[in-house]
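In: dropping the sequence and predicted coords here.
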Amino acid sequence: MFRRPLLYPRLYPWLLLAAALDVMLTWLILELGGQEMNVVARAAINAAGLPGMLLLKFCGIVLVIAVCEFVGRRNTATGLRLAGVATVITCIPVALSLFMIGELAWMRASGIDPAAGGPAEAVTVTGAR
């Protein structure tokens, strides 16, 4: 059943890299006091923590690759475009996360508690009060 080779083996590793970076940077943002903005991802994190976020990302990537393969078997060029667009879209949260990490780091360096949005009251490196 699954014996056919993947149609876009040179593109999927980039998709996986972007997805892995998204998970890692999201977790870093949460550790720095930021919040998950995606409602579905926030629910997964609240319900199961990091394993929930990993499971959600894994299922999403499997679905994207399956759709790209399905479409690509009918029209190779369309499947390739779809895989490329999916990769670019997955890179958008990574770029935004890098910006947010810089902003959170600046807030901490300026003595602003990211969770409260105001000056920190003896915030330690771990964010505990």
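Out: Yep, that arrived. Values in this document were obtained by computation on a predicted structure and should not be read as measured data.
In: all contacts plus neighbour counts: C-alpha atoms, from now on.
Out: Will do.
In: which strand or helix spans M107?
Out: In the assignment (DSSP states H and E), M107 maps to helix 76-109.
In: for that helix, name the packing helices and strands.
Out: When contacts are defined as 3 or more C-alpha pairs under 8 Å, 6 or more residues apart in numbering; DSSP states H and E, helix 76-109 sits against helix 12-31, helix 39-74.
In: helix or strand right after it?
Out: Using DSSP H and E, the helix or strand that follows helix 76-109 in sequence is strand 112-113.
In: give the pairing partners of that following strand; include direction for each.
Out: Strand 112-113 has the following strand partners under DSSP bridges: strand 118-119 (antiparallel).
In: for the partner strand, give the mean pLDDT please.
Out: Taken as a whole, strand 118-119 has an average pLDDT of 54.
In: helix or strand for M37, which one?
Out: With DSSP H and E as the test, M37 turns up in no helix or strand.
In: okay, now it: neighbour count?
Out: 9 (other C-alpha atoms under 10 Å).
In: could you look over the helices and strands packed on helix 76-109 and pick the most buried one?
Out: Most buried of those, by mean neighbour count (mean count of other C-alpha atoms under 10 Å): helix 12-31, with a mean of 18.
In: what's the angle between that one and helix 76-109?
Out: Computed by axes from the mean of the first three to the mean of the last three C-alpha atoms, to 10 degrees, the angle separating helix 12-31 from helix 76-109 equals 20 degrees.
In: and helix 12-31, average pLDDT?
Out: 96.
In: next up, the contacts around the residue nearest the centre of the chain.
Out: Here the mean C-alpha position of the chain is nearest to the C-alpha of D22 (C-alpha atoms, centre = their mean), at a distance of 2.6 Å. Neighbour list for D22: T90, C91, P93, V94, S97 [criterion: C-alpha atoms under 8 Å, 6 or more residues apart in numbering].
In: I am finished for the moment; much appreciated.
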